[in-house]
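Undergrad: Can you look at this prediction? I've put the sequence above it.
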Amino acid sequence: MSRMAAHVQLITVADGSERRGVTVTATCSVSDNPPTILACLNGANPRNDIFARSDSFALNLLGDDQRALAHAFSGRDQLDMNSRFSLGQWTQLTTGAPILVGAVASFDCRLIEVKTIATHLVLFGEVVDVAIGSARPPLIYLDRGYHSL
């Protein structure tokens, strides 16, 4: 799987005062009518349960200039969630999910279904709002490292 190049994104959620964000690459468009996307998360991590119990999430597409955010939200540095979120500027759109200011694009989604497939949660979200950032090279993950196009 490390040979599959993919756009690096932060999936974010808020449930009351609790926020969580995770670096992900396993995402895709499912439908354009209604606009629907999916994202896959490690289901073995109990901290990811917030994504299944919340009614929304956001998918924030990262640019090459946002490698530090991708690294921080990957958990490699063992930063707590408040420290991770303090590294970026955040806003909200329609659902209240955290939207990264300056992302290449952000999809604000209403959670419509969660499936457990093997070790992962597959979240399906209807896109209810979008923020478009500046056009610039995307951050890509390939061969266990970050790259740009």
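TA: Thanks, I have the structure now.

Undergrad: going forward, measure contacts between C-alpha atoms and count neighbours the same way
TA: OK.

Undergrad: My guess is residue 81 contacts residue 21. True?
TA: Yes - the criterion here is CA atoms under 8 Å, and residue 81 meets it with residue 21 at 7.5 Å.

Undergrad: Phi first, then psi, for residue 103.
TA: Torsion angles at residue 103 (phi, psi; degrees, to the nearest 10) stand at phi -70, psi 160.

Undergrad: What does the pLDDT read for it?
TA: Per-residue pLDDT puts residue 103 at 98.

Undergrad: OK, contacts around residue 122?
TA: Contacts for residue 122 were tallied using CA atoms under 8 Å, 6 or more residues apart in numbering; they are 38, 39, 40, 41, 114, 115, 116.

Undergrad: swap in residue 113?
TA: By CA under 8 Å, 6+ apart, the contact set of residue 113 is 123, 124, 125.

Undergrad: swap the cut-off to 7 Å and go again
TA: When contacts are counted by CA atoms under 7 Å, 6 or more residues apart in numbering, residue 113 touches 123, 124.

Undergrad: What of residue 106?
TA: Residue 106 makes contact with 58, 59, 60, 61, 99, 130, 131, 132 under the criterion CA under 7 Å, 6+ apart.

Undergrad: Cross these against helices and list the overlap.
TA: Members of these lying in helices (criterion: DSSP state H): none.

Undergrad: Strands of this protein, residue ranges please.
TA: Secondary structure of the chain by DSSP state E: the strands cover 6-7, 9-15, 18-24, 27-32, 35-42, 56-61, 90-91, 99-100, 105-117, 120-132, 139-142, 145-148.

Undergrad: highest average neighbour count across those?
TA: For the strands of the chain, the largest average neighbour count (mean count of other CA atoms under 10 Å) is found in strand 56-61, namely a mean of 29.

Undergrad: Run the chain-centre distance for it.
TA: Computed by CA atoms, centre = their mean, to the nearest Å, the separation of strand 56-61 from the middle of its chain amounts to 5 Å.

Undergrad: ok, that strand: who's next to it in the sheet?
TA: Strand 56-61 sits in its sheet next to strand 9-15 (antiparallel), strand 105-117 (antiparallel), going by DSSP bridges.

Undergrad: what angle separates the longest one from strand 120-132?
TA: Taking axes from the mean of the first three to the mean of the last three CA atoms, to 10 degrees, one finds that strand 105-117 is oriented at 170 degrees with respect to strand 120-132.
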